[in-house]
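J.: With the sequence up front, the predicted model follows.
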Amino acid sequence: DRLQAWCHLSEECANENIALALVGGSTGPTAGSADLLGGFQAIATDAVTREIWVASMSGLFRLATNEEDRLVWSIFLTKARGLVAGLQKTPVGARDPTDPDLTEALRLFRLAVKYAKTDIQRDYVMLEQAEAEHALGRLAEAARTWAKTTKPFEEVVLRLMPQRAVLKAYLEECLMHLKQHLHGVRDVPHIDQARHTLLSTWIIEIQLARYAEEEFHGTEKDQETARDELMAFLLDSTDALNREVTYSLLSSHGRSDLLVQYAKKIHDTDCVVGHCIQEEKWADAIKALSEAESEEFDYKYGPTIIKHEPKALIESWIRKPRINPVKLLPALMNYEAPEGTEPSSNLALAYLHHCIERLKLEDVPIHNYMFSCLARLRDEDYLLDFIARPRTFYDPRYALRVCMAENNTRACVCLYNTLGLYEEAVELALAYSPDDPELAKDSAQMASQYADEDITKRLWVRIAQRAVERHRDSNTTGRTLIQTVFDEVDDRASLVRVEDVLPFFPDHVAVEDFRDEIEKSLRHYNEDLIQMKEDMDRSATTAESVRKEIRELRNRYRVVTRAQRCIKCGKRLFAADNDFFVFPCKHCFHHRCLRSIAVKKYSFELRDRVERLLHAANPPEPQQAKRGSARFSADAVRGLFGGGGSSEERAPEPVDPNSDEALTPEQAREKLEAILASECPMCGGPMISSISDPFLDPFAEQAELRTWALDPDV
């Protein structure tokens, strides 16, 4: 006699107030009573649309269903609770993991999550499931379920803290959900980055502790498994881990091998090389340097590694095209070649030779250190060959100090010659080899090419003096001694004569022994006199030709016709009562016109001097002087009444006798004409200098622009 809705899952009445919709659009009854409906006749279900139809005496009704499954999750959750309550009565140790009730309870929890409509409902179900799993001893599953809920992280961690493996499972599940949440996000919030780092670091610490336990108590297989898991997670989480914190964790647990692997993964060459050096694994350190993207680590660790593995390190440097050899000098200075090593086997010299010959480096420090390395060799010939190179970039003064410290005398002589200190070079060469003057002769010969004649002569005289001193004590005749001395200097220089070396010979040498040398010297003097006479004759001829040209210049003239006109004013030269100038270029000017043109093109100083010469050439007339005296008297009268100063202050200043104001009018005119007639103003230097001057001065330019302005009223 009534219409009710029953739930097949819970086998209970779910609803007794069922709304029916009358077919045809009219509103049907809302109660399930058969009296209101006029008695039920039939109920049927549409096989296609799954709609329920009710037929009664009043008409045909369609049963309206809305969210029929909204409480299904609650039904499954209630059933799961019942099963869990029954399972909890069994002791933990006696529970069977394959118990059908346990399996059914987990299935009901999953169904409850599936049919939950909102996030709040799903979170509520999973919280219930996690609590149930924890109560039943399924700690790992409970931890993974809690990671999917909104239960506070701190509460879960505190509950799982005693069980390290369960805590690790919880953290891994949290990390997995965080990665899914951040997948595809470009700008990750800082709080999520910190959470990612925290979870990864905590998992690393738990795995390190587990690895340590397996080493003490586990089998070899368990140790390998723990290490592989730790390594896999460590290398997979490099983007999230903090470098310093991770280094500290691995170091505190003594896992240097893992630390190196992690450093390699994040390309921390500094850490890798430092660890290899600490472990004295030189080959691994060089390999890490070769794989590094920056050469700064070669500069930093090269001085240490080169002491133990120089060959491999230098070979790695040669393979790096971007390395700066200058910054490798501290490492090369730490290299010590074994005792008795040949120069060709010296690795530092080999690398420096590579830099200079193949890389064509011109850096002064590279060449300086190459020089110092060669200076320490026993064979000085290598150093002399390096000095004799056509292009060298070492500092010669530094090289000289190095050679002096290493007692490389021949190299010092060459460097003295390079610096132009030929006298020092000859003195050192004579002191180094008193019996063999060839080195000193070479220095004197070089001086003859670059130094003046006086210095060269002094050098050869010094060589001759040393030759005399060398053979003085020998039992040789005077003639033989003289011949020996001049044979040493005459083959290289013709500057040394008998009078230059005569004071150095001993007293027992007679004048007759110098007969040939004196004759030779006299012939040289005769040749010099002949050359001087020829020079004097040429000078006299040149002076006579100059005097002749001067005489011809005085008689030079130019014909001026009556029709010749001034370039400036255009008037005839003879028409005006004025002097005129004619230049060799045929330009003609009146005196006044030339002065007006030239003054504009002269410099300020020359223009001022022309004004002074004009004033001196045209002194004031007597009438003007009288006016000046009248003015002076007026000033004197004003001085009597306290208006002016003393007579000493009013006295004119003295005139310099060498100044233009002291010239007579005739002298001033001559100087003025000399200045004006020095060069033509139309084609001489002033015209060339005025090429950068504007055609119009600023005032004339503004006036010209105003003439071109358009009248706005037109």
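T.: Alright, I've got the coordinates.

J.: Was I right to think R607 contacts R595?
T.: No. Using C-beta atoms under 8 Å, R607 is not in contact with R595, being 10.8 Å away. Every C-beta, even on glycine, is put in place using the N, C-alpha and C of the backbone.

J.: Give me the pLDDT value at R607.
T.: Predicted confidence (pLDDT) at R607: the value is 78.

J.: low-confidence ranges in this structure?
T.: 1-40, 64-67, 92-94, 469-519, 554, 576-578, 620-658, 660-661, 697, 711-714 (pLDDT under 70).

J.: Check it for its longest helix and report it.
T.: Counting by DSSP state H, the longest helix found in the chain is helix 515-554.

J.: For the chain, just list every one of the strands.
T.: 5-7, 12-15, 20-22, 40-45, 52-56, 60-63, 580-582, 588-590 (DSSP state E).

J.: Using CSV, list the CA coordinates for the fourth one.
T.: C-alpha atoms of strand 40-45 as CSV (Å, rounded to 0.1, in the frame of the first residue of the first chain):
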residue,chain,number,x,y,z
PHE,A,40,-1.0,0.9,-7.9
GLN,A,41,-1.5,-1.0,-11.0
ALA,A,42,2.1,-1.8,-12.2
ILE,A,43,5.8,-0.9,-11.9
ALA,A,44,8.3,-1.3,-14.8
THR,A,45,11.8,-0.4,-15.8
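
J.: please renumber so the chain begins at 13
T.: Yep, numbering from 13; the last one is strand 52-57 now.

J.: picking up where we left off before, which neighbouring elements make contact with the longest helix of the chain?
T.: Contact analysis of helix 527-566 by 3 or more C-beta pairs under 8 Å, 6 or more residues apart in numbering; DSSP states H and E lists helix 510-513 as its packing neighbours.

J.: one more time with 10 Å
T.: helix 490-502, helix 510-513 (3 or more C-beta pairs under 10 Å, 6 or more residues apart in numbering; DSSP states H and E).

J.: show me what contacts I335?
T.: By C-beta atoms under 10 Å, 6 or more residues apart in numbering, the contact set of I335 is 307, 310-311, 314, 328-329.

J.: Arrange these in a markdown table, one row each, with distance to H379 as further columns.
T.: Below are the contacts of I335 laid out as a markdown table (distance: C-beta to C-beta, whole Å):
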| residue | distance to H379 |
| --- | --- |
| E307 | 21 |
| D310 | 21 |
| Y311 | 20 |
| G314 | 20 |
| S328 | 23 |
| W329 | 18 |
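
J.: Most neighbours among the residues you listed, which one is it?
T.: G314 (27 neighbours; other C-beta atoms under 10 Å).

J.: Distance-wise, check that one relative to A362.
T.: Remark: distance between G314 and A362 (C-beta to C-beta, to the nearest Å) = 16 Å.

J.: L95 now?
T.: 83 Å.

J.: higher neighbour count, those two?
T.: L95 (21 against 16).

J.: now the residue nearest to the more buried one when sequence neighbours are not counted: how far from Q53?
T.: Leaving out its chain neighbours, the residue that sits closest to L95 by C-beta to C-beta, 6 or more residues apart in numbering is A117, at 3.9 Å. Remark: distance between A117 and Q53 (C-beta to C-beta) = 45 Å.

J.: who has more neighbours, the two?
T.: Neighbour count, other C-beta under 10 Å: between A117 and Q53, A117 has more, with 24 against 12.

J.: Distance check, the nearest residue to A411 once chain neighbours are set aside against V558.
T.: Nearest residue to A411, sequence neighbours excluded (C-beta to C-beta, 6+ apart): F383, at 5.0 Å. F383 sits 57 Å away from V558, going by C-beta to C-beta.

J.: Between these two, point out the one with more neighbours.
T.: F383 (23 against 10).

J.: quick one: contacts for the more buried one?
T.: The contact partners of F383, by C-beta under 10 Å, 6+ apart, come to 364, 395, 398-399, 404, 406-408, 410-411, 414-415, 423, 427.

J.: what's around R621, how many residues?
T.: 16.

J.: Roughly how far does it sit from R255?
T.: 83 Å.

J.: same check, this time on V622
T.: Going from V622 to R255 by C-beta to C-beta gives 85 Å.

J.: More neighbours: the two, which one.
T.: V622 (19 against 13).

J.: OK, contacts around the more buried one?
T.: Here V622 is in contact with 607, 610-611, 614, 672, 683-684, 687-688 (criterion: C-beta under 10 Å, 6+ apart).

J.: what about 7 Å?
T.: By C-beta atoms under 7 Å, 6 or more residues apart in numbering, the contact set of V622 is 611, 614, 684, 687.

J.: Please state the backbone phi and psi of the residue minimising distance to the centre of the chain?
T.: Geometric centre of the chain, nearest residue: N336, 12.7 Å, by C-alpha atoms, centre = their mean. Phi and psi for N336, reported as degrees, to the nearest 10, are phi -100, psi 110.

J.: what's near enough to touch the residue lying closest to it once chain neighbours are set aside?
T.: Distances taken as C-beta to C-beta, 6+ apart place E307 nearest to N336, at 7.0 Å, with adjacent residues excluded. By C-beta under 7 Å, 6+ apart, the contact set of E307 is 332, 334-336.

J.: separation between E307 and I335?
T.: On the measure of C-beta to C-beta, E307 and I335 end up 5 Å apart.

J.: For stretch 693-708, report the contacting residues that lie outside it.
T.: Here stretch 693-708 has contacts from 579, 597, 599, 606, 609-610, 613-614, 691, 716, using C-beta under 7 Å, 6+ apart.

J.: Any chance of JSON lines for those, columns distance to D131?
T.: Below are the contacts of stretch 693-708 laid out as JSON lines (distance: C-beta to C-beta, whole Å):
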{"residue": "I579", "distance to D131": "108"}
{"residue": "C597", "distance to D131": "108"}
{"residue": "H599", "distance to D131": "109"}
{"residue": "L606", "distance to D131": "110"}
{"residue": "I609", "distance to D131": "104"}
{"residue": "A610", "distance to D131": "105"}
{"residue": "K613", "distance to D131": "99"}
{"residue": "Y614", "distance to D131": "101"}
{"residue": "E691", "distance to D131": "106"}
{"residue": "E716", "distance to D131": "89"}
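
J.: picking that back up, who has more neighbours out of R619 and R607?
T.: R607 (20 against 13).

J.: Contacts only, for that one.
T.: L688.

J.: again, only this time at 8 Å
T.: Residues near R607 by C-beta atoms under 8 Å, 6 or more residues apart in numbering: 622, 626, 688.

J.: now do R207
T.: L190.

J.: do that again at 6 Å, thanks
T.: By C-beta atoms under 6 Å, 6 or more residues apart in numbering, R207 lies in contact with nothing.

J.: May I see the buried residues of stretch 73-90?
T.: 73-75, 83-89 (16 or more other C-beta atoms under 10 Å).

J.: And stretch 619-631, by the same measure?
T.: Buried-residue list, stretch 619-631, by 16+ other C-beta under 10 Å: 621-622, 624-625, 628-629.

J.: Alpha carbons of that stretch, as PDB, please.
T.: Below are the C-alpha coordinates for stretch 619-631, written out as PDB (Å, rounded to 0.1, in the frame of the first residue of the first chain):
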ATOM      1  CA  ARG A 619      98.300  91.600 -35.800                       C
ATOM      2  CA  ASP A 620      99.200  93.400 -32.500                       C
ATOM      3  CA  ARG A 621     102.800  94.000 -33.600                       C
ATOM      4  CA  VAL A 622     101.600  95.400 -37.000                       C
ATOM      5  CA  GLU A 623      99.400  97.900 -35.000                       C
ATOM      6  CA  ARG A 624     102.400  98.900 -32.900                       C
ATOM      7  CA  LEU A 625     104.600  99.400 -36.000                       C
ATOM      8  CA  LEU A 626     101.900 101.500 -37.600                       C
ATOM      9  CA  HIS A 627     101.700 103.700 -34.600                       C
ATOM     10  CA  ALA A 628     105.500 104.100 -34.500                       C
ATOM     11  CA  ALA A 629     105.700 104.800 -38.300                       C
ATOM     12  CA  ASN A 630     103.100 107.500 -38.000                       C
ATOM     13  CA  PRO A 631     103.800 109.500 -34.800                       C
END
